[in-house]
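[1] fold the following, please.
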Amino acid sequence: MTGPTAGSVGAGQTAIIGGTGLTELDGLTVQEERMITTPWGEPSGPVIRGDLNGHPVLFLARHGHPHRIPPHQVNYRANLWALREAGAARVIGVNAVGGITSAMGPARIAVPHQIIDYTWGRQHTYFEQGDGVEPLDGVTHIDFTFPYDESLRQALLAAAGRRQILAVDYGVYGATQGPRLETAAEVTRMERDGCDLVGMTGMPEAALAAELGLPYACLALSVNWAAGKSDHIITMEEIEQALAEGMSSVRAVLEEVIPALEA
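    Below you'll find the predicted structure:
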């Protein structure tokens, strides 16, 4: 095995990984649903190939449909591999997050520029040997200085601007293990570390995309203040309300950015 770049690449489409609140993509005309078997097991669900307002796109629900796979049990390796096999040329990950710093309140959209990984025990790399996987030719270390593709970030921000949607153009995403929410002390530590947002699915997704050579960016929707950042405990009602308010803006950005990426 020469590394994870081995495999077929199709025509080069934009792939969207939908997170909490985006298990389906409204406006998507489905042409094909394909369950792709990978050397790393089964992905969260079928890769959906379709048209979003007349523009080709790939879609995969990160937590499955219905929403049932917890963040620490998502098969991130299979998901990214399956999208690449289906012809993805770039990936946009949609993530529901908690806001830590003042600009990241509920229903706010952000396009993070950095990430800190607090997860543990996840299958986080293609560059390892195991059952059913060909031996590696050598040890590989990818550069991960800038985890998100800057041109894809700018495309998302420009798309938001054209739709007159306010999107924060920065953010350090702190990726935690889950599935529980964080303690107030943990969020305080994360803020000291420089985190603006906290979520459970940002890693290893971003790193695996980098290993496959897929440009990757995150479109984050804040669905609550992180623990200790408000005067009340976090409730599912609060999260669901923010999802309802913010997900329409997320969909609008996606509808706007897909044709721009084709140009």
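
[2] same for the helix or strand containing Val97, what does it pack against?
    Val97 is part of strand 88-99 when elements are defined by DSSP states H and E. Strand 88-99 makes packing contacts with strand 13-18, helix 150-162, strand 197-199, helix 205-211, strand 216-225, helix 236-262 when contacts are defined by 3 or more C-beta pairs under 8 Å, 6 or more residues apart in numbering; DSSP states H and E. Bear in mind the C-beta positions are built from the backbone N, C-alpha and C, glycine included.

[3] pipe those into CSV and attach mean pLDDT per row.
    Listed next are the helices and strands packed on strand 88-99 as CSV, based on pLDDT from 0 to 100:
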stretch, mean pLDDT
strand 13-18, 93
helix 150-162, 97
strand 197-199, 98
helix 205-211, 98
strand 216-225, 95
helix 236-262, 86
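
[4] go through those and pick out the most buried.
    Comparing these by mean neighbour count (mean count of other C-beta atoms under 10 Å), strand 197-199 comes out on top with a mean of 29.

[5] now do it: distance to the chain's middle.
    Relative to the chain's own centre, strand 197-199 is displaced by 12 Å; criterion: C-alpha atoms, centre = their mean, to the nearest Å.

[6] so what touches that strand?
    Counting by C-beta atoms under 8 Å, 6 or more residues apart in numbering, the neighbours of strand 197-199 from elsewhere in the structure are 95-100, 104, 110, 112, 171-176, 182, 187, 190, 220, 222, 226.

[7] strand partners (parallel or antiparallel) of the strand holding Val97?
    strand 13-18 (parallel), strand 197-199 (antiparallel), strand 216-225 (parallel) (DSSP bridges).

[8] and Ile142, which of those is closest to it?
    Nearest of those to Ile142, taken as C-beta to C-beta: strand 216-225 at 12.3 Å.

[9] ok, which of the helices and strands packed on strand 88-99 comes nearest Leu136?
    Closest among the helices and strands packed on strand 88-99, using C-beta to C-beta: helix 205-211, at 12.2 Å.

[10] give me the most central residue, the protein.
    Taking C-alpha atoms, centre = their mean as the criterion, Gly93 is the residue nearest the geometric centre of the chain, at 2.6 Å.
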